[in-house]
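Chemist: Okay, predicted coordinates and the sequence, questions at the end:
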Amino acid sequence: MNRSGESTSKNRWASWWDGFSTTSKTLLIGLAAPLLVLNFWAFSTIFSYFRSLLVTIVIASLLAFLLSYPVNWLERRGLPRAPASILVFLIAVLAVLVLGVTLLPPVIAQAQQLLARLPEWFDSGRHQLLILDERIEEWGWPISFDGVATQIGDRLKMQLQLIAGKVLNLTLGVAVFTASTLVDILLTVILTLYLMQHSREVWESLVSWLPTRIQTPFSATLRRSFQNYFIGQLIVATCMAAALMSIFAILKVPFGLLFGFTIGLMALVPLGGTVGIILVTFLVALRDIGIAVQVILASVVVQQIIENGLAPRVLGSVTGLNPFWVLIALLAGARVGGLLGIVVAVPTAVVIREAIDAVRSVRQKAQITPEEGSEESPQLATQD
């Protein structure tokens with residue numbers, strides 16, 4: 001009875017829509033488009049007003065989501081969820097503190113040294129381009145790097161001064177709003193611990209607003225998409241950072257610890273590792289082209305081994321999205337939510353794709369079923 005009722009309602013909607021002319025359909029769609037834009041603007045305004053609160057909730061939810069896996073593992077071993085959550089939370093805090101004490105100070109020190117030496121590196125890059133320009137002129141090729149060398153000597157130095165000024169202003173801003181930052185961090189920590197202990201109840205209360213038949217598929221799809229994405233990116237970033245820092249130390253790359261850490265940090269975002277490799281190679285090439293060739297070769301080899309060898313073996317396909325749609329999702333996420341939008345853009349796109357595929361499969365089944373019924377009906381009539 002339910003299926004017949006649903007098919008009847010669908011037929012009514014289909015007949016209602018088919019009753020309009022092409023012009024009327026175009027006008028309806030044209031009127032609906034401004035409403036969608038207005039709703040999107042309203043959502044963006046609300047998000048901007050509650051941005052701080054929403055950022056805290058999303059970050060805490062992501063942290064609780066990642067930490068829930070060791071909590072679930074301990075819970076299956078017989079440990080109650082509350083003690084398991086506290087134990088995993090304390091271990092995570094300890095790991096962050098150890099990382100902040102051991103790795104971050106030398107990375108920050110190398111960043112300061114690099115910022116001080118960049119003007120010298122730009123001069124070195126300009127000198128190398130001038131030498132290359134002389135060689136090309138001797139060979140008789142119609143190519144000149146004189147203009148590029150001038151830009152490296154002048155414009156890039158100006159950009160460096162602007163970047164340094166922005167970094168200084170950011171540092172002063174952090175110093176001024178220290179109290180507000182500490183409050184946000186404290187709220188994030190408390191909310192993360194709460195969600196680790198009561199994530200199931202919170203999630204069930206949210207999913208209960210959805211239709212009953214899609215609650216379980218939606219939960220499974222969302223969990224699988226976010227799990228594959230975040231854990232996969234975390235594996236890729238950690239392995240790339242550890243491997244490149246070690247290799248750069250062996251190759252005696254200047255500021256190798258900083259460069260390896262930067263590439264690994266940027267690898268947390270899809271396509272970010274490639275951008276980090278290009279940026280680091282460019283900076284090293286300003287000082288020494290030979291070392292830059294070693295850097296890009298080592299980085300590309302490590303990246304391919306980890307992304308195509310390790311990560312798929314651990315989790316299978318991380319996203320299943322075409323790289324073009326990954327890029328579109330990242331750009332849209334950056335436009336809507338900034339850095340936070342970039343973080344959640346790809347798994348959200350995966351969920352949307354899964355939903356579209358599900359709707360498409362349902363429509364295909366709905367189209368096939370009447371055809372099968374129409375083929376079987378003459379047979380039934382003959383039998384009667």
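Modeler: Nice, thanks for sending it over.
Chemist: Could you use CA atoms for every contact and neighbour count after this?
Modeler: Fine.
Chemist: which residues does Ala92 contact?
Modeler: With contacts defined as Cα atoms under 8 Å, 6 or more residues apart in numbering, Ala92 has no neighbours.
Chemist: How much space separates it from Leu193?
Modeler: Look at Ala92 and Leu193: by Cα to Cα, to the nearest Å, they are 11 Å apart.
Chemist: So, low pLDDT: which residues of the protein?
Modeler: 1-20, 132-133, 136-180, 311-322, 337, 358-360, 362-384 (pLDDT under 70).
Chemist: All the helices of it, in order from the start?
Modeler: Applying DSSP state H to the chain gives helices spanning 2-18, 22-49, 51-76, 81-102, 104-139, 146-176, 178-207, 212-251, 256-266, 272-287, 289-305, 311-315, 323-383.
Chemist: So which of these is the most surrounded?
Modeler: helix 256-266 (a mean of 23; mean count of other Cα atoms under 10 Å).
Chemist: by contact count, what packs against that helix?
Modeler: helix 104-139, helix 212-251, helix 272-287 (3 or more Cα pairs under 8 Å, 6 or more residues apart in numbering; DSSP states H and E).
Chemist: Turn those into a markdown table, including distance to Leu62.
Modeler: What follows is those, written out as a markdown table (distance: least, Cα to Cα, whole Å):
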| stretch | distance to Leu62 |
| --- | --- |
| helix 104-139 | 23 |
| helix 212-251 | 9 |
| helix 272-287 | 20 |
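Chemist: Please identify which of these is closest to Gln294.
Modeler: helix 212-251 (8.0 Å; Cα to Cα).
Chemist: Now do the closest one: which elements does it pack against?
Modeler: Helix 212-251 packs on helix 51-76, helix 256-266, helix 289-305, helix 311-315, helix 323-383, going by 3+ Cα pairs under 8 Å, 6+ apart.
Chemist: make it 6 Å
Modeler: helix 256-266 (3 or more Cα pairs under 6 Å, 6 or more residues apart in numbering; DSSP states H and E).
Chemist: if we look at the helix it packs on, which residues are touching it?
Modeler: 107, 237, 240-241, 244-245, 248-249, 272-273, 276 (Cα atoms under 6 Å, 6 or more residues apart in numbering).
Chemist: Nearest to Leu330 among those residues?
Modeler: Nearest to Leu330 among the contacts of helix 256-266: Gly272, at 10.4 Å, using Cα to Cα.
Chemist: give me every residue that touches that closest one.
Modeler: Here Gly272 is in contact with Met266 (criterion: Cα under 6 Å, 6+ apart).
Chemist: Relative to Trp209, how far out is the closest residue to Phe255 other than its chain neighbours?
Modeler: Of all residues not flanking Phe255 in the chain, Gln110 sits nearest, at 6.0 Å (Cα to Cα, 6 or more residues apart in numbering). Distance, Gln110 to Trp209, by Cα to Cα: 51 Å.
Chemist: Can you get me the centre-to-centre distance for stretch 193-206 and its chain?
Modeler: Distance of stretch 193-206 from its chain centroid, counting by Cα atoms, centre = their mean, to the nearest Å, is 24 Å.
Chemist: before we move on, what about stretch 243-257?
Modeler: That offset, for stretch 243-257, works out to 26 Å (Cα atoms, centre = their mean).
Chemist: cool, stretch 79-86 as well?
Modeler: 30 Å.
Chemist: Contacts for it next, please.
Modeler: Taking Cα under 6 Å, 6+ apart as the rule, stretch 79-86 contacts 71, 75, 196-197.
Chemist: what do you get if the cut-off is 8 Å, keeping everything else the same?
Modeler: Contacts of stretch 79-86 (Cα under 8 Å, 6+ apart): 68, 71-72, 74-75, 193, 196-197.
Chemist: Let's see that stretch as CSV, backbone CA atoms only.
Modeler: Output in CSV follows, covering the C-alpha atoms of stretch 79-86 (Å, rounded to 0.1, in the frame of the first residue of the first chain):
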residue,chain,number,x,y,z
LEU,A,79,36.8,-0.8,28.9
PRO,A,80,33.8,1.5,29.5
ARG,A,81,33.4,4.4,27.1
ALA,A,82,33.9,7.2,29.6
PRO,A,83,37.3,6.0,30.9
ALA,A,84,38.4,5.0,27.4
SER,A,85,37.5,8.5,26.1
ILE,A,86,39.5,10.2,29.0
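Chemist: Ala329 - nearest residue in space that isn't next to it in sequence?
Modeler: Ala345 (5.5 Å).
Chemist: list the contacts for that neighbour?
Modeler: Ala345 touches 329-330, 332-333, counting by Cα under 8 Å, 6+ apart.
Chemist: Just send the residues you listed back as TSV, with distance to Gly290 too.
Modeler: Converted to TSV, the contacts of Ala345 look like this (distance: Cα to Cα, whole Å):
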residue	distance to Gly290
Ala329	36
Leu330	34
Ala332	38
Gly333	38
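Chemist: now, among these, which is nearest to Ala349?
Modeler: Checking the contacts of Ala345 one by one against Ala349 (Cα to Cα), the nearest turns out to be Ala329, at 6.4 Å.
Chemist: and which of the contacts of stretch 79-86 is nearest to Gln303?
Modeler: Closest to Gln303 out of the contacts of stretch 79-86 is Ser68 (28.1 Å), distances taken as Cα to Cα.
Chemist: Please report the distance of the residue nearest to that closest one when sequence neighbours are not counted from Gln227.
Modeler: Counting by Cα to Cα, 6+ apart, Met196 is the residue found nearest to Ser68 once chain neighbours are left out, at 6.2 Å. Separation of Met196 from Gln227 (Cα to Cα) stands at 15 Å.
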